[in-house]
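Peer 1: turn this into a model:
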Amino acid sequence: MVTNLRAFASPMEVQFAQIPETSPGFGTPYVWATTDLIGGDVKYGVGGPVTDRGSEVVGKGTYDGVLVHIRAQPESGCRGELEGSHDAQALWVFSADSCGVYAVSGIRIERAGRDAPAGEITLSAENGNVNIRSGSGMLLRVVR
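Peer 2: Numbering: from 1, shown residues only. As a prediction, this is how the structure comes out:
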């Protein structure tokens, strides 16, 4: 299996993306809860729509995350759907256009693994060693 790195998020970002915007009231089930995903999309409960920052529906919520149609983010170099693939993809707590590093200062994606040698991913730190904390989230995309 060959993958490339699309997005990397701090443990806090991962945790926040799983906590509802508001506390469920008495009798309000968790599955109806609205959550803000890493990258800006909003999930309106399990089975509900997932919308982008422009309120366009890009997928639907699941118990463990979202199923969305991947979108390109041209300014950062992330591509959209792979050629021939129009199915929704499981992106856990990431938005349809998530790309890059979220809430981790001093860490940069040097190589995402898209170019030769395919699958080779390199992270770099501004100072010292790269330190990936437990609970961090990585959105990997399977190439083959």
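Peer 1: now Arg114, nearest residue through space, not along the chain?
Peer 2: Nearest-residue entry for Arg114: Asn4, 4.7 Å, with adjacent residues in sequence omitted and distances by C-beta to C-beta, 6 or more residues apart in numbering. Heads up, the C-betas are built off the backbone N, CA and C, glycines and all.
Peer 1: so where do the strands sit in this structure?
Peer 2: 3-9, 34-36, 42-44, 49-51, 57-62, 65-68, 89-90, 100-102, 107-111, 122-125, 137-142 (DSSP state E).
Peer 1: so what strands line up beside the shortest one?
Peer 2: Counting by DSSP bridges, the strands paired with strand 89-90 are strand 65-68 (antiparallel).
Peer 1: got the contact list for the closest residue to Phe16 other than its chain neighbours?
Peer 2: Among residues not flanking Phe16 along the chain, Asp36 sits closest, at 7.2 Å (C-beta to C-beta, 6+ apart). Taking C-beta atoms under 8 Å, 6 or more residues apart in numbering as the criterion, Asp36 is in contact with Phe16, Ala17, Glu21, Val42, Lys43.
Peer 1: identify the bridge partners of the residue nearest to the spatial centre of the chain.
Peer 2: Relative to the mean C-alpha position of the chain, the nearest C-alpha, by C-alpha atoms, centre = their mean, is the one of Phe94, at 2.2 Å. For Phe94, the residues forming beta bridges with it (DSSP bridges) are Ile38.
Peer 1: from Arg111, how far off is it?
Peer 2: For Phe94, the distance to Arg111 equals 20 Å [C-beta to C-beta, to the nearest Å].
Peer 1: go on, Gly77?
Peer 2: Distance from Gly77 to Arg111, by C-beta to C-beta: 12 Å.
Peer 1: which one of the two has more residues nearby?
Peer 2: Applying other C-beta atoms under 10 Å to Gly77 and Arg111 shows that Arg111 carries more neighbours, namely 15 against 12.
Peer 1: would you confirm that the more buried one contacts Thr122?
Peer 2: Yes: using C-beta atoms under 8 Å, Arg111 is in contact with Thr122, at 4.0 Å.
Peer 1: returning to what we had before: going by distance to Asn131, which of the contacts of Asp36 wins?
Peer 2: Using C-beta to C-beta, Phe16 is the member of those that sits closest to Asn131, with 20.1 Å.
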